[in-house]
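Trainee: Build me a structure from this.
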Amino acid sequence: GFTDEEFNAVLELARTLVQRKDFVVKGAKVTKRKRMMAQLYLLIAATYGLRQASILDLRVEDFTRDQLTYRIQKGAQKGVRVTRPMTDEIWAAMQAYLAECGSPPSRPFNDASWLGAAARTVMLEAGLEPVHNRLGIHNFRHTLANWGMRNHIPIEAISSTLNHSSTRITEQMYVGQSTK
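Mentor: This is a model prediction of the structure:
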């Protein structure tokens, strides 16, 4: 997971992506629409700790002013619908992105490889170092779990937030990592 400083650095860069006309991913300058998509993708990953597959599965109708509804894409709970409170920041980013699209797509996120590369680019620009050559939004899940453990959040709440089917999975994945 990220340290608090790393997390904040990534989030700050994500928040400024729309204005960054110099943002380059895979060797090409990025259009405003794609910068907005990348911003929304990173904000959702950082806020909710969702896996990439759950974000890619989102539909426009999953976003309402009050909530975000998504489907779990992995594990024993695959296919289960989960509702979380909508944040003002994500709602505003989604509305701006849809306005930029003109004709709203049914699915806001349509290019897993590009989104992964965009997230990695932002993280590298924030000064993060890949671990075992890996650097992506899954780091937000680890950060969320580690933050919860450092702040004495009950393991049941952390497990539920990460959509694990049991606290045993959360303990196996994250207990002991919160001090690293």
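Trainee: now for the helix or strand of the chain with the lowest mean pLDDT, which elements pack on it?
Mentor: Of all helical and strand segments in the chain, the minimum by mean pLDDT, DSSP states H and E falls on helix 167-174, at a mean of 85. Applying 3 or more CB pairs under 8 Å, 6 or more residues apart in numbering; DSSP states H and E, one finds that helix 167-174 contacts helix 138-150, helix 155-161. (Glycine included, C-beta is placed from N, CA and C.)
Trainee: Pull out the buried positions in it.
Mentor: 167, 170, 174 (16 or more other CB atoms under 10 Å).
Trainee: Report the secondary structure element holding Glu12.
Mentor: If you go by DSSP states H and E, Glu12 is part of helix 4-16.
Trainee: neighbouring contacts of the very next helix or strand once past that helix?
Mentor: Going down the chain from helix 4-16, the next helix or strand is strand 24-25, by DSSP H and E. Strand 24-25 has contacts (CB atoms under 8 Å, 6 or more residues apart in numbering) with 30, 34, 38, 114, 117-118, 121.
Trainee: can you do 7 Å?
Mentor: Strand 24-25 is contacted from outside by 30, 114, 117-118, 121, using CB atoms under 7 Å, 6 or more residues apart in numbering.
Trainee: what's near enough to touch Pro104?
Mentor: By CB under 7 Å, 6+ apart, Pro104 lies in contact with 60, 98.
Trainee: what's the spacing between the residue nearest the centre of the chain and Ala93?
Mentor: By CA atoms, centre = their mean, the chain has its centre lying nearest to Ala45, at 1.0 Å. To Ala93, Ala45 is 12 Å away according to CB to CB, to the nearest Å.
Trainee: before we move on, the earlier item: which of the buried residues of helix 167-174 sits closest to Ser106?
Mentor: Comparing those against Ser106 with CB to CB places Thr170 closest, at 33.0 Å.
Trainee: what's downstream of the top helix by length along the chain, the next helix or strand?
Mentor: Ranked by residue count and defined by DSSP state H, the top helix of the chain is helix 32-48. Heading C-terminal from helix 32-48, the first helix or strand you meet, by DSSP H and E, is helix 52-56.
Trainee: With that, I have no additional questions.
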